[in-house]
Structures are given as C-alpha cells and as structure tokens.
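A.B. asks: Okay, predicted coordinates and the sequence, questions at the end:
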Amino acid sequence: MGFRKLVERDGSGTVTLDKADLTLDGYVSEDGSIDETEMHVQRLGRGAYLVRAVDDGDVPELKELLPSW
C-alpha cells in the first residue's frame, strides 16, 4: 500500500487508484488500458472515504465485498 496525493482536477479533488490493484479486480484490459467504470464515493468521516465500483446500477453492500467483516 502506497501513499497517494490528493490533487485538484477540473475543480474536484482526485486521488488515483493503483493500476496493479485495478488489474486484480478486472478493471484493466489486455492492452493495459483502464476500463471506464462508474464508482460510488462515500464520505465516512473526516479524511475517510469509501470507494466502491457500481455493479449494474447498484452500489454493493460492504458485507458483499468484505464477507469477513
């Protein structure tokens, strides 16, 4: 896990996701390009955010993504 920098892009704050992690989750095509995917970002508290990939228009519950929680 590495540190990422919060930067301004088009008037919003942006943080990148590691391409190796995105590859593990199937979001990188064979040619190395990242597939556009709708993401849901939820603020949990000061400085804490949760990012989840939207699945067929639905935001998956955490218990679906992290069954051991």
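C.D. replies: Now that the structure is in, tell me what you want to look at. Numbers count the residues shown, from 1 in each chain.

A.B. asks: mind listing the helices for this structure?
C.D. replies: Secondary structure of the chain (DSSP state H): helices located at 19-24, 62-65.

A.B. asks: Give me the residues contacting the first one.
C.D. replies: Applying CB atoms under 8 Å, 6 or more residues apart in numbering, the set of residues contacting helix 19-24 from outside is 28, 34. Placement of C-beta: from N, CA and C, glycine included.

A.B. asks: Against residue 43, how distant is residue 60?
C.D. replies: For residue 60, the distance to residue 43 equals 18 Å [CB to CB, to the nearest Å].

A.B. asks: cool, and residue 17?
C.D. replies: Look at residue 17 and residue 43: by CB to CB, they are 17 Å apart.

A.B. asks: higher neighbour count, these two?
C.D. replies: Using other CB atoms under 10 Å, the more surrounded residue of residue 17 and residue 43 is residue 17, with 13 against 9.

A.B. asks: quick one, what contacts that one?
C.D. replies: Neighbouring residues of residue 17 by CB under 8 Å, 6+ apart: residue 51.

A.B. asks: Now do it, the pLDDT please.
C.D. replies: Looking at residue 17, its pLDDT stands at 94.

A.B. asks: residue nearest the centroid of the chain?
C.D. replies: Centroid check for the chain by CA atoms, centre = their mean gives residue 51 as the closest residue, at 4.5 Å.

A.B. asks: Which parts of the chain are strands?
C.D. replies: Here the chain has its strands, by DSSP state E, at 7-9, 12-14, 39-45, 48-53.

A.B. asks: nearest to residue 64, of the ones you listed?
C.D. replies: Proximity to residue 64, assessed across the strands of the chain by CB to CB, is greatest for strand 48-53 (9.6 Å).

A.B. asks: Which positions within the closest one qualify as buried?
C.D. replies: Within strand 48-53, the residues that count as buried by 16 or more other CB atoms under 10 Å are residue 52.

A.B. asks: Now do the same for it: mean pLDDT, whole number.
C.D. replies: The average pLDDT within strand 48-53 is 94.

A.B. asks: Thank you kindly, that will do.
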